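S.K.: pasting the structure only:
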């Protein structure tokens, strides 16, 4: 399969990155930076809601 076909299938919602990889989970995504030291406690931040 070519890369163009893979991207097309991924964009139309087929499972291209593993089982249930096309599942949609509503709401914002919680992200968190990796700590740079043992004592650091990074705060999570959120991406905007995709609004789909």
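M.R.: Cool, the structure landed. Bear in mind that the values here come from a model prediction, so they are computed numbers and not experimental data.

S.K.: Next one, pLDDT for residue 51 please.
M.R.: Listed pLDDT for residue 51 reads 61.

S.K.: try residue 19
M.R.: As predicted, residue 19 sits at a pLDDT of 78.

S.K.: which residues sit in contact with the spatially most central residue of the chain?
M.R.: Geometric centre of the chain, nearest residue: residue 29, 7.6 Å, by Cα atoms, centre = their mean. Neighbouring residues of residue 29 by Cβ atoms under 8 Å, 6 or more residues apart in numbering: 46-47. Using the backbone N, CA and C atoms, a C-beta is placed for each residue, glycine as well.

S.K.: Output the below-cut-off pLDDT ranges for this protein.
M.R.: Counting by pLDDT under 70, the ranges of the chain that qualify are 23-25, 49-52.

S.K.: Strands of that one, residue ranges please.
M.R.: Per DSSP state E, the chain carries strands over the ranges 30-31, 45-46.

S.K.: wait, what's in contact with the nearest residue to residue 28 once chain neighbours are set aside?
M.R.: Distances taken as Cβ to Cβ, 6 or more residues apart in numbering put residue 46 closest to residue 28, at 4.2 Å, once the chain neighbours are dropped. Residues in contact with residue 46 (Cβ under 8 Å, 6+ apart) are 28-31.

S.K.: on that earlier part again, okay if I get the strands of the chain as a markdown table plus distance to residue 1?
M.R.: Listed next are the strands of the chain as a markdown table, based on distance: least, Cβ to Cβ, whole Å:
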| stretch | distance to residue 1 |
| --- | --- |
| strand 30-31 | 31 |
| strand 45-46 | 34 |
